[in-house]
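Undergrad: kindly generate the corresponding structure for this input.
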Amino acid sequence: MGVYLRPHSLEEALSALARPHTVLAGGTDFYPARVGRAIDEDVLDIGGIDVLRGITAGPTGWRLGATTTWSELLEADLPAVFDGLKQAAREVGGRQIQNAGTLAGNICNASPAADGVPGLLALDAEVEIAGSTARRLPLRQFITGVRRTALAPGELVVAIHVARPRRDAESAFLKLGARRYLVISIAMAAATVEFTDARVAQARVAVGACSPVAERLPALEAALVGAPRDRLADRVDAAQLAPLAPIDDVRGSATYRRDAVVTLLRRLLASFAR
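TA: Have a look, this model is predicted:
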């Protein structure tokens with residue numbers, strides 16, 4: 001049997017990580033992966049560390065604590081730029097999962113179909129990491145592959161940071177699955193759009209479940225600049241999906257995913273019309 005630790009300070013947690021531990025936050029991925037067998041690895045439960053929880057706002061942006069749950073995000077008083085991430089939060093399993101699952105757990109699990117990642121990419125989020133030295137990484141550099149991240153031994157994610165947009169900004173999220181809720185994505189997309197005089201000043205668009213890591217679509221982002229907000233869907237073209245690498249699996253073929261993403265993006269961008 002492994003050793004179970006539940007520290008109450010970040011310093012204790014980092015000290016424990018001097019030797020390998022499996023880090024546990026909400027446990028919504030940890031426990032299902034171990035059904036029917038004893039837990040024999042050493043476990044570091046970070047759920048008791050108060051400084052890792054909660055959402056705070058500052059002059060430059062927002063700090064989303066690592067163990068903040070999806071339910072806490074949904075209940076937080078946040079501006080329209082977070083609407084897309086809140087829409088994704090409603091898709092993270094059922095209410096019980098949303099009450100336990102954490103923001104950092106979603107990115108550290110590094111699933112290609114992690115519901116929170118496209119929205120955080122579209123927010124240009126950064127990951128705050130504690131270890132022998134503190135550092136920050138853009139989320140697009142943090143997740144490096146399927147179930148792989150840039151975390152080094154002895155490091156721990158402590159927060160996710162989102163900068164304040166320079167203009168009026170809104171965001172949205174759409175997910176395609178075999179049913180409406182409680183399903184792994186076939187494809188999903190998120191967008192954050194900044195407007196000036198009802199035209200796009202800047203856009204960030206990300207697609208998940210269609211490549212080993214959720215990807216931004218820079219060609220589409222460039223095509224959206226200058227577009228009136230009621231004509232954004234017209235700017236979507238299949239050629240803009242070049243960063244994606246969908247696969248065939250039990251949920252859908254690669255061809256189906258590519259076709260579906262075009263429709264998904266057009267519906268997503270049409271939602272910004274007023």
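Undergrad: need the helices for the stretch 1-150 of the chain, in chain order.
TA: 10-16, 70-75, 83-89, 95-100, 103-108, 116-122, 139-142 (DSSP state H, counting those that start in this stretch).
Undergrad: just how off-centre is the fifth one within its chain?
TA: How far helix 103-108 lies from its chain's middle: 7 Å, per Cα atoms, centre = their mean, to the nearest Å.
Undergrad: so what's the spatially most central residue of the chain up against?
TA: Centroid check for the chain by Cα atoms, centre = their mean gives Val117 as the closest residue, at 2.1 Å. By Cβ atoms under 8 Å, 6 or more residues apart in numbering, the residues touching Val117 are Asn106, Ile107, Leu139, Ile143, Ala206, Gly208, Ala214. All C-beta spots, glycine's among them, are computed from the backbone N, C-alpha and C.
Undergrad: how about Pro218?
TA: By Cβ under 8 Å, 6+ apart, the contact list for Pro218 reads Pro243.
Undergrad: if we go to 10 Å?
TA: If you count contacts by Cβ atoms under 10 Å, 6 or more residues apart in numbering, Pro218 has them with Arg204, Val205, Gln240, Ala242, Pro243.
Undergrad: who's in contact with Thr67?
TA: Residues counted as contacts of Thr67 (Cβ under 10 Å, 6+ apart) are 25-26, 46-54, 102-105, 157-159.
Undergrad: same question, Leu14
TA: Residues in contact with Leu14 (Cβ under 10 Å, 6+ apart) are Pro7, Leu44, Ala130, Gly131, Ser132, Gly154, Glu155, Leu156, Val158.
Undergrad: related to what we said a few turns ago, please identify which pair of the contacts of Val117 lies farthest apart.
TA: Across the contacts of Val117, the longest distance by Cβ to Cβ is 14.1 Å; it joins Asn106 and Ala206.
Undergrad: looking at those two, which is more packed in?
TA: The neighbour count for Asn106 versus Ala206, taken as other Cβ atoms under 10 Å, is higher for Ala206 (27 against 24).
Undergrad: helix or strand for that one, just tell me which one.
TA: Assigned by DSSP states H and E, Ala206 belongs to strand 199-208.
Undergrad: list the helices and strands that strand packs on?
TA: Applying 3 or more Cβ pairs under 10 Å, 6 or more residues apart in numbering; DSSP states H and E, one finds that strand 199-208 contacts helix 116-122, strand 168-176, strand 187-196, strand 215-216, helix 218-224, helix 254-270.
Undergrad: can you classify the closest residue to Gly145 other than its chain neighbours as helix, strand or coil?
TA: Closest residue in space to Gly145, ignoring its immediate chain neighbours: Pro212 at 5.4 Å, by Cβ to Cβ, 6 or more residues apart in numbering. Secondary structure for Pro212, judged by DSSP: H, G, I helix; E, B strand; the rest coil, is coil.
Undergrad: cool, thanks, signing off.
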